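*Asks:* Sequence and computational prediction follow.
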Amino acid sequence: MRTLAVFGFFLIILSFFAYNAYTYHQLSSAEGAYKLAGIPGDEKLIAAYHDNGFWQFATYNPKTRELKVYYLSQGHPLDFRIKKTKTVKTSLNYSPLALDLKLLKKAPEETPALLFAGKWYTKENPPKFPTVEQILKECGNKTIRRLSAYYAEKELWIGAITMQTGDAIYGGIGPGRILVIPSLRSYMEKPFVWRVEIPAGRDRSQHIVYYPGGIAIKGYGEVVLPKAFVMEKWVLEKSLNATLKALAKPTPISGSARSFVDLTISCWGSNSIEWSIMYITRYWPGISMQNKIPEGYVLSDYGQTPGKCQ
(Lines give C-alpha, C1' and ligand atoms only; values in the text may rest on other atoms or scores of the structure.)
Protein backbone atom coordinates (compact mmCIF):
# COMPACT_ATOMS: atom_id res chain seq x y z
CA MET A 1 0.00 0.00 0.00
CA ARG A 2 2.81 2.35 0.89
CA THR A 3 4.48 1.68 -2.46
CA LEU A 4 1.23 2.43 -4.27
CA ALA A 5 0.80 5.65 -2.32
CA VAL A 6 4.32 6.80 -3.20
CA PHE A 7 3.76 5.84 -6.84
CA GLY A 8 0.46 7.72 -6.89
CA PHE A 9 2.12 10.78 -5.37
CA PHE A 10 4.85 10.86 -8.00
CA LEU A 11 2.27 10.30 -10.73
CA ILE A 12 0.36 13.37 -9.53
CA ILE A 13 3.58 15.41 -9.47
CA LEU A 14 4.50 14.29 -12.98
CA SER A 15 1.00 15.09 -14.23
CA PHE A 16 1.27 18.55 -12.68
CA PHE A 17 4.60 19.24 -14.40
CA ALA A 18 3.33 17.84 -17.70
CA TYR A 19 0.19 19.99 -17.64
CA ASN A 20 2.12 23.13 -16.70
CA ALA A 21 4.61 22.46 -19.48
CA TYR A 22 1.69 22.06 -21.90
CA THR A 23 0.02 25.33 -20.89
CA TYR A 24 3.37 27.15 -21.00
CA HIS A 25 3.87 25.89 -24.55
CA GLN A 26 0.34 26.92 -25.52
CA LEU A 27 0.99 30.46 -24.29
CA SER A 28 3.90 30.74 -26.70
CA SER A 29 1.44 31.36 -29.55
CA ALA A 30 -1.63 33.54 -30.00
CA GLU A 31 -3.73 30.58 -31.12
CA GLY A 32 -2.69 28.47 -28.15
CA ALA A 33 -3.35 31.29 -25.69
CA TYR A 34 -6.77 31.94 -27.21
CA LYS A 35 -7.62 28.25 -26.83
CA LEU A 36 -6.53 28.26 -23.17
CA ALA A 37 -8.69 31.32 -22.51
CA GLY A 38 -11.77 29.19 -23.16
CA ILE A 39 -13.72 31.99 -24.84
CA PRO A 40 -17.35 31.03 -25.63
CA GLY A 41 -18.45 31.04 -29.25
CA ASP A 42 -21.01 33.81 -28.79
CA GLU A 43 -18.24 36.22 -27.75
CA LYS A 44 -16.53 37.95 -30.67
CA LEU A 45 -12.83 38.75 -30.45
CA ILE A 46 -12.30 42.50 -30.93
CA ALA A 47 -8.69 42.97 -29.74
CA ALA A 48 -5.67 41.00 -28.56
CA TYR A 49 -2.53 42.12 -26.73
CA HIS A 50 0.71 40.26 -26.10
CA ASP A 51 3.55 41.33 -23.85
CA ASN A 52 6.39 39.50 -22.15
CA GLY A 53 4.82 36.58 -20.29
CA PHE A 54 1.13 37.28 -20.80
CA TRP A 55 -1.77 37.62 -23.23
CA GLN A 56 -5.00 39.60 -23.18
CA PHE A 57 -8.09 39.09 -25.33
CA ALA A 58 -11.01 41.54 -25.50
CA THR A 59 -14.39 40.22 -26.58
CA TYR A 60 -17.88 41.57 -27.23
CA ASN A 61 -21.10 39.61 -26.84
CA PRO A 62 -23.83 41.25 -28.98
CA LYS A 63 -26.58 39.31 -27.20
CA THR A 64 -25.69 40.34 -23.65
CA ARG A 65 -24.00 43.64 -24.67
CA GLU A 66 -20.97 42.76 -22.58
CA LEU A 67 -17.33 43.71 -23.02
CA LYS A 68 -14.89 41.26 -21.49
CA VAL A 69 -11.10 41.11 -21.16
CA TYR A 70 -9.29 37.82 -20.54
CA TYR A 71 -5.78 37.77 -19.05
CA LEU A 72 -3.48 34.73 -19.17
CA SER A 73 0.03 34.50 -17.79
CA GLN A 74 2.63 31.87 -16.95
CA GLY A 75 6.20 32.99 -16.37
CA HIS A 76 7.82 29.55 -16.21
CA PRO A 77 6.92 25.93 -17.12
CA LEU A 78 6.84 25.07 -13.40
CA ASP A 79 4.57 27.99 -12.49
CA PHE A 80 0.82 27.86 -12.18
CA ARG A 81 -1.07 29.46 -15.05
CA ILE A 82 -2.87 32.66 -14.07
CA LYS A 83 -6.23 33.44 -15.67
CA LYS A 84 -8.32 36.52 -14.90
CA THR A 85 -11.39 38.07 -16.49
CA LYS A 86 -13.04 41.47 -16.26
CA THR A 87 -16.54 42.22 -17.59
CA VAL A 88 -18.63 45.36 -18.10
CA LYS A 89 -22.01 46.03 -19.67
CA THR A 90 -21.94 48.51 -22.55
CA SER A 91 -24.52 50.43 -24.55
CA LEU A 92 -22.14 50.68 -27.51
CA ASN A 93 -22.16 48.28 -30.43
CA TYR A 94 -18.67 46.80 -30.79
CA SER A 95 -19.70 44.28 -33.47
CA PRO A 96 -17.93 46.24 -36.28
CA LEU A 97 -14.61 45.46 -34.56
CA ALA A 98 -15.09 41.66 -34.66
CA LEU A 99 -11.88 39.99 -35.83
CA ASP A 100 -11.18 36.97 -38.00
CA LEU A 101 -9.51 34.40 -35.73
CA LYS A 102 -7.14 33.53 -38.57
CA LEU A 103 -5.33 36.78 -37.78
CA LEU A 104 -3.99 35.14 -34.62
CA LYS A 105 -1.64 33.12 -36.83
CA LYS A 106 0.03 36.35 -37.93
CA ALA A 107 1.05 37.48 -34.44
CA PRO A 108 4.53 39.07 -34.54
CA GLU A 109 7.34 37.63 -32.44
CA GLU A 110 8.29 40.99 -30.94
CA THR A 111 6.43 42.31 -27.90
CA PRO A 112 4.47 44.28 -26.96
CA ALA A 113 2.07 43.64 -29.84
CA LEU A 114 -1.55 44.67 -30.38
CA LEU A 115 -4.17 43.19 -32.71
CA PHE A 116 -6.92 45.71 -33.48
CA ALA A 117 -9.20 46.42 -36.44
CA GLY A 118 -7.69 43.65 -38.53
CA LYS A 119 -4.02 44.57 -38.08
CA TRP A 120 -1.12 43.78 -35.75
CA TYR A 121 0.82 46.70 -34.26
CA THR A 122 4.16 46.91 -32.44
CA LYS A 123 6.33 49.73 -31.09
CA GLU A 124 7.92 50.01 -34.53
CA ASN A 125 4.51 50.58 -36.16
CA PRO A 126 2.13 51.79 -33.42
CA PRO A 127 -1.52 52.58 -34.15
CA LYS A 128 -2.31 56.12 -35.30
CA PHE A 129 -4.77 57.54 -32.80
CA PRO A 130 -7.21 60.37 -33.59
CA THR A 131 -5.52 63.77 -33.44
CA VAL A 132 -6.83 66.78 -31.55
CA GLU A 133 -7.64 68.37 -34.91
CA GLN A 134 -9.74 65.36 -35.90
CA ILE A 135 -11.64 65.44 -32.60
CA LEU A 136 -12.30 69.16 -33.04
CA LYS A 137 -13.65 68.43 -36.50
CA GLU A 138 -16.12 65.99 -34.95
CA CYS A 139 -17.00 67.88 -31.77
CA GLY A 140 -15.90 71.49 -32.27
CA ASN A 141 -18.59 74.13 -31.61
CA LYS A 142 -21.09 71.40 -30.76
CA THR A 143 -23.09 71.03 -27.56
CA ILE A 144 -21.83 68.08 -25.53
CA ARG A 145 -22.03 66.81 -21.96
CA ARG A 146 -18.55 65.38 -21.65
CA LEU A 147 -15.33 64.79 -23.57
CA SER A 148 -12.92 62.21 -22.18
CA ALA A 149 -9.49 61.08 -23.32
CA TYR A 150 -7.96 57.80 -22.15
CA TYR A 151 -4.39 56.59 -22.39
CA ALA A 152 -2.94 53.15 -21.73
CA GLU A 153 0.71 52.64 -22.57
CA LYS A 154 0.29 48.88 -22.19
CA GLU A 155 -2.64 46.48 -21.80
CA LEU A 156 -6.30 46.45 -22.76
CA TRP A 157 -8.36 48.48 -20.29
CA ILE A 158 -12.04 48.38 -19.35
CA GLY A 159 -14.09 49.08 -16.24
CA ALA A 160 -12.77 50.92 -13.21
CA ILE A 161 -10.06 50.35 -10.63
CA THR A 162 -11.09 51.41 -7.13
CA MET A 163 -8.60 53.46 -5.14
CA GLN A 164 -8.64 52.02 -1.63
CA THR A 165 -6.37 52.17 1.40
CA GLY A 166 -7.59 50.10 4.32
CA ASP A 167 -11.35 50.54 4.57
CA ALA A 168 -11.26 54.01 3.00
CA ILE A 169 -12.34 54.27 -0.66
CA TYR A 170 -11.24 57.29 -2.69
CA GLY A 171 -13.17 56.74 -5.92
CA GLY A 172 -12.05 54.97 -9.05
CA ILE A 173 -10.12 55.40 -12.26
CA GLY A 174 -10.97 53.83 -15.60
CA PRO A 175 -12.88 54.09 -18.87
CA GLY A 176 -15.95 52.30 -17.56
CA ARG A 177 -18.09 50.71 -20.25
CA ILE A 178 -15.75 51.18 -23.20
CA LEU A 179 -12.54 49.52 -24.37
CA VAL A 180 -9.25 51.40 -24.31
CA ILE A 181 -6.45 49.89 -26.39
CA PRO A 182 -2.75 50.34 -25.56
CA SER A 183 -0.87 53.07 -27.40
CA LEU A 184 2.57 51.37 -27.38
CA ARG A 185 4.12 54.85 -27.01
CA SER A 186 4.44 57.85 -24.67
CA TYR A 187 1.47 59.91 -23.49
CA MET A 188 3.34 63.03 -24.69
CA GLU A 189 2.41 62.06 -28.25
CA LYS A 190 -1.31 62.32 -27.27
CA PRO A 191 -2.25 58.79 -28.37
CA PHE A 192 -5.69 58.93 -26.78
CA VAL A 193 -8.90 56.99 -27.18
CA TRP A 194 -11.57 59.71 -27.12
CA ARG A 195 -15.14 59.49 -25.86
CA VAL A 196 -17.81 62.16 -26.30
CA GLU A 197 -21.21 62.27 -24.62
CA ILE A 198 -23.82 64.19 -26.64
CA PRO A 199 -27.30 65.17 -25.39
CA ALA A 200 -30.04 63.05 -26.98
CA GLY A 201 -32.89 64.22 -24.78
CA ARG A 202 -33.12 65.05 -21.11
CA ASP A 203 -32.55 61.50 -19.87
CA ARG A 204 -30.53 60.07 -22.73
CA SER A 205 -27.09 60.57 -24.26
CA GLN A 206 -25.34 59.40 -27.36
CA HIS A 207 -21.88 58.03 -26.62
CA ILE A 208 -19.24 57.92 -29.37
CA VAL A 209 -15.75 56.46 -28.95
CA TYR A 210 -13.03 57.36 -31.46
CA TYR A 211 -10.31 54.79 -32.19
CA PRO A 212 -7.34 54.57 -34.58
CA GLY A 213 -8.11 54.12 -38.25
CA GLY A 214 -11.03 56.53 -38.30
CA ILE A 215 -13.19 54.05 -36.37
CA ALA A 216 -16.10 55.43 -34.34
CA ILE A 217 -18.13 53.10 -32.10
CA LYS A 218 -21.54 54.49 -31.14
CA GLY A 219 -24.46 53.82 -28.86
CA TYR A 220 -27.18 55.42 -26.74
CA GLY A 221 -27.27 55.15 -22.98
CA GLU A 222 -27.55 56.78 -19.62
CA VAL A 223 -26.76 60.42 -18.87
CA VAL A 224 -23.49 60.47 -16.95
CA LEU A 225 -23.15 64.25 -16.60
CA PRO A 226 -26.37 66.29 -17.05
CA LYS A 227 -24.89 69.75 -17.67
CA ALA A 228 -23.92 70.63 -21.23
CA PHE A 229 -21.48 73.06 -22.84
CA VAL A 230 -20.17 74.06 -26.25
CA MET A 231 -16.84 72.44 -27.06
CA GLU A 232 -14.79 75.30 -28.46
CA LYS A 233 -11.28 74.83 -29.79
CA TRP A 234 -9.61 76.92 -27.10
CA VAL A 235 -11.37 74.96 -24.32
CA LEU A 236 -9.97 71.65 -25.55
CA GLU A 237 -6.49 73.05 -26.20
CA LYS A 238 -6.31 74.77 -22.80
CA SER A 239 -7.51 71.65 -20.99
CA LEU A 240 -5.14 69.38 -22.87
CA ASN A 241 -2.13 71.65 -22.29
CA ALA A 242 -2.95 71.82 -18.57
CA THR A 243 -3.23 68.04 -18.50
CA LEU A 244 0.17 67.49 -20.12
CA LYS A 245 1.75 69.93 -17.66
CA ALA A 246 0.17 68.04 -14.77
CA LEU A 247 1.51 64.75 -16.10
CA ALA A 248 4.99 66.23 -16.48
CA LYS A 249 5.17 67.30 -12.83
CA PRO A 250 7.69 65.40 -10.69
CA THR A 251 6.13 62.85 -8.35
CA PRO A 252 7.28 61.73 -4.90
CA ILE A 253 8.00 58.30 -6.37
CA SER A 254 11.35 57.90 -8.09
CA GLY A 255 10.99 56.51 -11.60
CA SER A 256 7.21 56.45 -11.44
CA ALA A 257 5.20 55.69 -14.57
CA ARG A 258 2.24 57.27 -16.28
CA SER A 259 0.78 53.91 -17.22
CA PHE A 260 -2.92 54.84 -17.40
CA VAL A 261 -4.44 58.31 -17.81
CA ASP A 262 -8.07 59.45 -17.51
CA LEU A 263 -8.84 63.04 -18.64
CA THR A 264 -12.35 64.50 -18.61
CA ILE A 265 -13.65 67.90 -19.72
CA SER A 266 -17.11 68.59 -18.33
CA CYS A 267 -19.39 70.77 -16.21
CA TRP A 268 -19.16 68.67 -13.08
CA GLY A 269 -19.55 70.90 -10.05
CA SER A 270 -19.81 74.52 -11.16
CA ASN A 271 -21.03 76.80 -13.95
CA SER A 272 -17.57 76.82 -15.53
CA ILE A 273 -16.14 74.19 -17.85
CA GLU A 274 -13.66 72.10 -15.87
CA TRP A 275 -10.93 69.64 -16.68
CA SER A 276 -9.82 66.83 -14.39
CA ILE A 277 -7.11 64.23 -14.71
CA MET A 278 -6.23 61.04 -12.88
CA TYR A 279 -3.27 58.82 -13.64
CA ILE A 280 -1.73 55.66 -12.24
CA THR A 281 1.93 56.01 -11.27
CA ARG A 282 2.79 52.31 -11.08
CA TYR A 283 2.92 49.49 -13.56
CA TRP A 284 3.13 45.73 -13.30
CA PRO A 285 1.82 43.06 -15.70
CA GLY A 286 -1.92 42.62 -15.26
CA ILE A 287 -2.51 45.90 -13.41
CA SER A 288 -5.43 46.71 -15.71
CA MET A 289 -7.22 43.62 -14.39
CA GLN A 290 -7.08 44.80 -10.77
CA ASN A 291 -10.31 45.65 -8.98
CA LYS A 292 -8.54 47.94 -6.53
CA ILE A 293 -5.15 49.50 -5.88
CA PRO A 294 -3.82 51.65 -3.01
CA GLU A 295 -4.97 55.26 -3.17
CA GLY A 296 -1.34 56.42 -3.16
CA TYR A 297 -0.75 54.79 -6.54
CA VAL A 298 -3.00 57.36 -8.25
CA LEU A 299 -2.39 61.09 -8.64
CA SER A 300 -4.90 63.69 -9.79
CA ASP A 301 -5.26 67.34 -10.74
CA TYR A 302 -8.04 69.61 -11.95
CA GLY A 303 -8.78 73.16 -13.03
CA GLN A 304 -11.39 75.50 -14.47
CA THR A 305 -11.53 77.33 -17.78
CA PRO A 306 -13.29 80.65 -18.48
CA GLY A 307 -15.80 78.71 -20.57
CA LYS A 308 -19.36 78.63 -19.22
CA CYS A 309 -21.85 75.80 -18.90
CA GLN A 310 -25.31 76.00 -20.38
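*Replies:* That came through, no problem.
*Asks:* hang on, Ile257 in a helix?
*Replies:* For the record, residue 257 is Ala, not Ile. No - assigned with DSSP: H, G, I helix; E, B strand; the rest coil, Ala257 falls outside any helix and is coil.
*Asks:* my guess is it meets Thr281, correct?
*Replies:* Yes - counting by CB atoms under 8 Å, Ala257 touches Thr281, with 6.0 Å between them. Backbone N, C-alpha and C define where each C-beta goes, glycine included.
*Asks:* And the helices in the stretch 201-310 of the chain?
*Replies:* Secondary structure of the stretch 201-310 of the chain by DSSP state H, counting those that start in this stretch: the helices cover 233-248.
*Asks:* Centroid-nearest residue for this protein?
*Replies:* Trp157 (1.7 Å; CA atoms, centre = their mean).
*Asks:* so what's the nearest residue to it once chain neighbours are set aside up against?
*Replies:* Leaving aside its sequence neighbours, Trp157 sits nearest to Val180 (CB to CB, 6 or more residues apart in numbering; 4.1 Å). Counting by CB atoms under 8 Å, 6 or more residues apart in numbering, Val180 touches Tyr150, Tyr151, Ala152, Leu156, Trp157, Ile158, Val193.
*Asks:* Return the subset of the residues you listed lying in strands.
*Replies:* Tyr150, Tyr151, Ala152, Trp157, Ile158, Val193 (DSSP state E).
*Asks:* Let me know the closest of those residues to Val88.
*Replies:* Ile158 (5.3 Å; CB to CB).
*Asks:* Return the per-residue confidence for that closest one.
*Replies:* Listed pLDDT for Ile158 reads 98.
*Asks:* Looks like it contacts Glu66 (just checking).
*Replies:* No - in this structure Ile158 lies outside contact range of Glu66 using CB under 8 Å: 10.1 Å.
*Asks:* which of those two has more neighbours?
*Replies:* Counted by other CB atoms under 10 Å, Ile158 and Glu66 do not tie: Ile158 has more neighbours, with 21 against 16.
*Asks:* mind listing the strands for the stretch 1-150 of the chain?
*Replies:* Counting by DSSP state E, counting those that start in this stretch, the stretch 1-150 of the chain has strands at residues 44-51, 54-61, 66-73, 82-89, 113-116, 119-122, 143-144, 146-152.
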